[in-house]
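Asks: one predicted model, sequence on top.
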Amino acid sequence: MQTPLKIAVVGSGLVGSLLAIYLKKEGHEVHVYDRSPDIRKINFSGRSINLAMSNRGWKALDGVGVGDAVREIAIPMDKRAIHLVDKLNFQNYGQEGESIYSISRGMLNRKMIDLAENAGAEFFFEQKIWDVTLSEATLHIGETERGEWEEKKYDMVFGADGAFSRIRHRMQRQSMFNYSQEFLNIGYKELNIPANPDATHKLDKNSFHIWPRGEYMLIALPNLDGSFTCTLFMPFEGVNSFASLTDRKQVEGFFEENFPDSIEVIPKLAEDFFNNPTSTLVTMKCFPWTYSDKIALIGDACHAIVPFYGQGMNAGFEDITVLYEMMLKYGDDWKTVFSEYEISRKPNADAIAELSYRNFMEMSTKTADEKFLLQKKIEKAFSDKYPDKWIPLYSRVTFSDRPYAEALAIGDFQNTIMEEILRIENIEAIWDSPVVENKILELLK
């Protein structure tokens, strides 16, 4: 147990709430601040991509004994359901029994705040943090940015306040602070597939549903109440874009042409399309993540990524796992805890940012490509036979807790092998033959 400190966590989202539980476990006094109202008391909808919990997230939750409480609100998805214009394909994610888990963001956030309060953390909602004095871990709170501020002094402050963090904003004004953000020219909009009258799901509930169409795509993830949260990803401008769909007739015509099997299951298509906001997607990188033994950034506040690998929450939760390992190792030496935490996590945060960006191309284009589907079949067959020699990239990222940077490097190496395999003459007919198997073994040496 560490010497108890008075610690502020700025941000009551998923990462901030879980971090509060870990800090309470070590005996600290924890105050969590958020500028928004208590999510448990408001309707949360219209701007969400359902979460996909995988191994790294479960490890962090189980590490503090709350995993089973979250499993109660999660639905396993063991495969992709790929909706082509004229047919439906299924593609298993991993080995038998391996799944990612769909969870409503709002439902999980409410659950995490309840769990953190039960652990003893105190929450302060509708508290606007405008600044922080880094050297003194003092928060400056007020109604407006230029009005009167109240000072709250702490021993330590964690910035878990997302991609547009106020805590990071202050850290950026130091010298030698590296920062970059890059917006995709693609936005997203939430749509909804309601449940059947008997509360069953209209589509297979244990699949991650994808309608891949190149520059744009639709996805759908199941909810406990029988509904699906859908997300439409599209360019902001251009021929097939949010800007090009300006009235009900255009929206319905676009879906009838490009997502024909979705029309019947999204009854309020036009209403959702025009009522729900079009949101942006950003990759944000920075360094350092800490200031002395006083301030540390965590989750999206230091490494926001695009959602196409389903790893944003999982990566943020893994930050906490690594931070906690350093707390156990170095005790009250918080300078070393913080230094080792950021050194360990930064390369992996950069790696999952790259993988997430690449996975948009896989989901939107390659899942509809016959060569890509053949590659996945070859990889799975080889991996099933030689699990010690070949773990597919998706499984390394999703079903293990090995470093993201390692997964990226090995994945790139494996892809060069597969490019050579796919060039073999008549590969479509002989993909499952000893010739192909031996060639992969030879290339792995």
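Replies: Structure received.
Asks: hey, where'd the strands end up in the stretch 201-350 of the chain?
Replies: 207-213, 216-222, 228-235, 282-287, 290-291, 295-297 (DSSP state E, counting those that start in this stretch).
Asks: mean neighbour count, mean pLDDT and distance to residue 375 added to these, as a markdown table?
Replies: Bear in mind the C-beta positions are built from the backbone N, C-alpha and C, glycine included. Listed next are these as a markdown table, based on neighbours: other Cβ atoms under 10 Å; pLDDT from 0 to 100; distance: least, Cβ to Cβ, whole Å:
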| stretch | mean neighbour count | mean pLDDT | distance to residue 375 |
| --- | --- | --- | --- |
| strand 207-213 | 22 | 95 | 15 |
| strand 216-222 | 25 | 96 | 19 |
| strand 228-235 | 22 | 96 | 23 |
| strand 282-287 | 18 | 97 | 26 |
| strand 290-291 | 22 | 98 | 41 |
| strand 295-297 | 26 | 98 | 38 |
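Asks: residue 116 is nearest to which of those strands?
Replies: Closest approach to residue 116 among the strands of the stretch 201-350 of the chain (Cβ to Cβ): strand 295-297, 17.7 Å.
Asks: what pairs with the closest one, and is each one parallel or antiparallel?
Replies: Sheet pairing of strand 295-297 (DSSP bridges) gives strand 156-159 (parallel), strand 290-291 (antiparallel).
Asks: what does the last one rub up against?
Replies: Contacts with strand 290-291, where a contact means Cβ atoms under 8 Å, 6 or more residues apart in numbering, come from 134-135, 171, 174, 296-297, 338-339, 341-342.
Asks: okay, those in a markdown table with distance to residue 121 next?
Replies: A markdown table is the format used below for the contacts of strand 290-291 (distance: Cβ to Cβ, whole Å):
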| residue | distance to residue 121 |
| --- | --- |
| 134 | 23 |
| 135 | 25 |
| 171 | 24 |
| 174 | 29 |
| 296 | 17 |
| 297 | 19 |
| 338 | 20 |
| 339 | 25 |
| 341 | 20 |
| 342 | 23 |
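Asks: out of the residues you listed, which sit inside helices?
Replies: 171, 338-339, 341-342 (DSSP state H).
Asks: re the thing from before, redo the strands paired with strand 295-297 as JSON lines? Include distance to residue 87.
Replies: Listed next are these as JSON lines, based on distance: least, Cβ to Cβ, whole Å:
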{"stretch": "strand 156-159", "distance to residue 87": "47"}
{"stretch": "strand 290-291", "distance to residue 87": "51"}
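Asks: roughly how far does residue 405 sit from residue 178?
Replies: 18 Å (Cβ to Cβ, to the nearest Å).
Asks: that should have said residue 12, apologies.
Replies: Remark: distance between residue 12 and residue 178 (Cβ to Cβ) = 28 Å.
Asks: equivalent analysis for residue 428, please.
Replies: Relative to residue 178, residue 428 is positioned 47 Å away (Cβ to Cβ).
Asks: do residue 369 as well
Replies: Look at residue 369 and residue 178: by Cβ to Cβ, they are 37 Å apart.
Asks: the more surrounded of these two?
Replies: Each of residue 369 and residue 178 has its neighbours counted (other Cβ atoms under 10 Å); residue 369 has more, 12 against 9.
Asks: report the contact partners of the spatially most central residue of the chain.
Replies: The centroid of the chain falls nearest to residue 312 when counting by Cα atoms, centre = their mean (2.4 Å). Residue 312 sits next to 300, 304-305, 356 when contact means Cβ under 8 Å, 6+ apart.
Asks: so can I have CSV of those residues showing neighbour count, pLDDT and distance to residue 78?
Replies: Shown next, in CSV, are the contacts of residue 312 (neighbours: other Cβ atoms under 10 Å; pLDDT from 0 to 100; distance: Cβ to Cβ, whole Å):
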residue, neighbour count, pLDDT, distance to residue 78
300, 27, 98, 28
304, 23, 97, 29
305, 25, 97, 24
356, 22, 95, 21
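Asks: mind listing which of those are in helices?
Replies: Filtering the contacts of residue 312 for helices - DSSP H - leaves 300, 356.
Asks: which element is residue 36 on?
Replies: For residue 36, there is no host helix or strand (DSSP states H and E).
Asks: from residue 165, how far out is it?
Replies: For residue 36, the distance to residue 165 - Cβ to Cβ - is 14 Å.
Asks: ok, those two, which is more surrounded?
Replies: residue 165 (25 against 14).
Asks: now do the contacts for that one.
Replies: Applying Cβ under 8 Å, 6+ apart, we find residue 165 in contact with 10-11, 159, 297, 300-302.
Asks: kindly give a single PyMOL line that selects the buried subset of those residues.
Replies: Remark: buried members of these, expressed as a PyMOL selection using 16 or more other Cβ atoms under 10 Å:
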select buried, resi 10+11+159+297+300+301+302
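Asks: between the contacts of residue 165, which sits nearest residue 128?
Replies: Using Cβ to Cβ, the contacts of residue 165 come closest to residue 128 at residue 10, 10.5 Å.
Asks: and the closest one, its phi and psi?
Replies: phi -100, psi 110 (degrees, to the nearest 10).
Asks: what's the pLDDT at it?
Replies: Looking at residue 10, its pLDDT reads 98.
Asks: got a list of what it touches?
Replies: Counted by Cβ under 8 Å, 6+ apart, residue 10 has contacts 16, 32-34, 129, 132, 139, 157-161, 165-167.
Asks: please redo it, this time with the cut-off set to 10 Å
Replies: 16, 31-35, 127, 129, 132, 139, 157-162, 165-167, 295, 297, 301 (Cβ atoms under 10 Å, 6 or more residues apart in numbering).
Asks: which strand residues bridge it?
Replies: Under the criterion used (DSSP bridges), residue 10 bridges to residue 33, residue 159.
Asks: now do it against residue 157, distance only.
Replies: Taken as Cβ to Cβ, the span from residue 10 to residue 157 is 7 Å.
Asks: quick one: contacts for residue 102?
Replies: 50-53, 73-77, 205-208, 220-224, 228-229, 310.
Asks: same thing with residue 358?
Replies: 308-309, 366, 393, 408, 411.
Asks: quick one: which of the contacts of strand 290-291 is nearest residue 318?
Replies: Nearest to residue 318 among the contacts of strand 290-291, with distances taken as Cβ to Cβ, is residue 341, at 11.3 Å.
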